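Colleague: could you look at this predicted model? Sequence included:
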Amino acid sequence: PLPAAETQSTRRPILELFAFLTVMALGGFGYTAFQLWQDTHQDALDTLTYINQQLAQSTRATFIKHETILRVVGEELLRVGTLEDPEAGRDIIEDIAKTDPGMVAFGLGRPDGQLLIISGVPPGKPLPNLLEHEASADSFRDALASPILQAGRPWFMQVFDDWVIPIRKTIRDAQGNPRAVMAAGYRITGGTTTWAELELPKDVGVGVLREDGYFQYIHFVTGSEPGPDRLEEIYGQAAGGALLASIRKNGGNQGAIRLDKSLTVDNLLVVYKRLPEYGIYTTAALPASTITDAFLADVAGPASLIGIYLVLAFIGYRYALRTQREHENNLTWLAHHDSLTGLPNRLLMRDRLEQALKTAQRNHHRVALFFIDIDRFKEINDTHGHAQGDALLQQVAARLLGVVRSGDTVARLGGDEFLMILPDIEDRETVEVLAQRVIGQFLQPIVVGSIEHRITTSIGVAIYPDDSHTVDEVQQHGDIALFEAKDRG
């Protein structure tokens with residue numbers, strides 16, 4: 001066989017090519033996966049940005065619309081003397097309340113916070129002072145100080161048994177002094193708010209966050225409406241404090257942040273936009289798991305292709321190795337065998353002879369060598385052609401193989417010369433018997449095609465250690481014996 005170092009050197013290019021192509025393929029897949037992840041993340045960011053822009057525009061438009069309504073209704077209530085006689089504006093306030101199913105009530109209050117009239121509340125029923133309630137006091141003061149509509153912190157109104165988003169607009173005289181505060185309340189539940197009417201993609205949630213950390217409104221990612229206890233947790237406390245802190249840490253009037261699972265039920269990508277005139281942030285959120293799922297769906301195709309490639313590349317690599325190994329084995333065989341007869345050549349014969357002599361020396365046995373030459377072979381070649389000669393040599397080789405034992409060797413030295421190595425010989429009588437057996441193999445003619453050849457052979461015999469003690473000596477002795485045999489005819 002070929003030396004191990006030579007074998008490794010011949011197979012290394014195949015391994016290096018496979019490794020190079022695999023690294024290139026994996027590198028290409030890695031780059032593709034990275035680009036897909038960037039694109040998926042950017043798509044999610046673009047979607048959230050668009051939704052949040054819609055939310056911000058809708059919120060601003062809704063506040064402007066309600067501001068106009070509150071101003072017009074408030075001025076009409078003042079015109080009919082509602083400050084002096086609250087029931088004077090009853091018809092006006094009840095009629096306007098019927099125009100919007102999402103509105104739980106309209107009301108008018110004095111600048112000192114005392115509500116004078118509320119739609120749906122019968123005359124004589126005590127009404128609250130908004131400055132005396134923690135949930136409404138700050139936003140009521142903000143409304144008094146602001147020239148535009150202000151939304152208050154959501155609070156639970158006992159009179160309506162529901163959570164309400166209060167909105168307020170101060171009605172002023174010609175000098176800008178507050179005369180009254182027109183108020184209205186939106187139900188958070190029931191899906192009647194303008195925000196609830198937004199068409200949102202699957203898994204996207206939106207929210208309106210106040211600058212005090214309270215949510216003005218929130219539409220959960222799951223889309224399900226929370227129960228009463230959950231509403232208390234959401235709107236009854238500064239549930240958006242962590243989100244607000246992250247937004248302020250990120251900075252700017254708009255941007256994108258990540259909220260980890262320790263702050264929410266899932267890792268979230270959140271896009272925000274500040275509406276400074278109203279002191280609120282609009283937000284749109286998407287779970288990171290949704291982005292990951294979209295990425296995995298996109299990368300499944302390339303991953304399948306790279307998987308198929310790696311399998312096919314490995315199969316090709318193994319096939320190339322097997323082909324290379326077969327080629328090496330074939331080269332090794334050709335280097336040690338005669339291509340015409342398949343018998344060992346001189347190189348392999350010498351190796352076998354060396355091993356046989358060493359074994360014989362160790363076991364105190366004899367080794368016999370038969371140097372065999374076909375008589376008048378040149379005449380056959382010249383008369384019938386080389387094809388006949390080659391076919392004849394192949395049949396001679398087959399007949400010689402039919403004589404030897406399993407441990408014996410038949411080799412072709414070249415031309416019409418053959419050599420038989422016969423180890424484990426006990427005496428010369430055994431050699432004579434084997435020589436006669438060889439001669440007997442050629443008593444019958446050899447037929448090649450339609451031509452019958454009757455051939456004879458000359459045999460030269462050398463015996464180790466009787467005739468010589470080294471490989472070269474025993475071969476030389478055998479050559480001389482063959483020459484003498486041919487000379488005797």
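Modeller: Nice, I can see it.
Colleague: tell me, what residue is most central in the chain?
Modeller: residue 303 (5.0 Å; CA atoms, centre = their mean).
Colleague: helix or strand: which one has it?
Modeller: Here residue 303 sits within helix 288-336, counting by DSSP states H and E.
Colleague: nearest residue to the residue nearest to the centre of the chain in space, please, no chain neighbours.
Modeller: Leaving aside its sequence neighbours, residue 303 sits nearest to residue 29 (CB to CB, 6 or more residues apart in numbering; 7.3 Å). To be clear about C-beta, it is placed using only N, CA and C from the backbone, and glycine gets the same treatment.
Colleague: same thing with residue 287?
Modeller: According to CB to CB, 6+ apart, the nearest residue to residue 287 is residue 266 (4.4 Å).
Colleague: from what I see, that neighbour and residue 291 are in contact.
Modeller: No. With contacts defined as CB atoms under 8 Å, residue 266 does not count as touching residue 291, sitting 11.0 Å away.
Colleague: neighbour count winner among those two?
Modeller: For residue 266 versus residue 291, neighbours defined as other CB atoms under 10 Å are more numerous around residue 291 (20 against 15).
Colleague: and the more buried one, what does it touch?
Modeller: 40-41, 44, 269 (CB atoms under 8 Å, 6 or more residues apart in numbering).
Colleague: rewinding a little: and the next helix or strand past the helix holding residue 303?
Modeller: helix 346-363.
Colleague: chain center to that following helix: distance?
Modeller: Here helix 346-363 is found 59 Å from its chain centre; the criterion is CA atoms, centre = their mean, to the nearest Å.
Colleague: now that helix: mean pLDDT?
Modeller: The pLDDT scores in helix 346-363 average 92.
Colleague: okay, angle between it and helix 288-336 too, please.
Modeller: 80 degrees (axes from the mean of the first three to the mean of the last three CA atoms, to 10 degrees).
Colleague: give me the angle between the helix or strand where the residue nearest to residue 303 lies and helix 288-336.
Modeller: Using DSSP H and E, residue 29 sits within helix 4-79. Angle, helix 4-79 to helix 288-336, by the same axes, to 10 degrees: 170 degrees.
Colleague: now the very next helix or strand once past helix 4-79: buried residues?
Modeller: Note on helix 4-79: by DSSP H and E, the next helix or strand toward the C-terminus is helix 90-97. Across helix 90-97, burial judged by 16 or more other CB atoms under 10 Å covers 90, 92-93, 96-97.
Colleague: tell me which strands the following helix or strand past helix 90-97 pairs with, and in which orientation.
Modeller: Downstream of helix 90-97, the first helix or strand assigned by DSSP H and E is strand 103-109. Partner strands and pairing direction for strand 103-109 (DSSP bridges) are strand 115-118 (antiparallel), strand 178-187 (antiparallel).
Colleague: so which bits of whatever helix or strand comes next after the first one are buried?
Modeller: Toward the C-terminus, strand 115-118 is succeeded by helix 134-145 as the next helix or strand (DSSP H and E). For helix 134-145, a neighbour-count test (16+ other CB under 10 Å) marks 135-137, 139-140, 142-144 as buried.
Colleague: and what of stretch 32-44?
Modeller: 32-33, 36-37, 40-41, 44.
Colleague: ditto for stretch 74-82
Modeller: 74, 77-78, 82.
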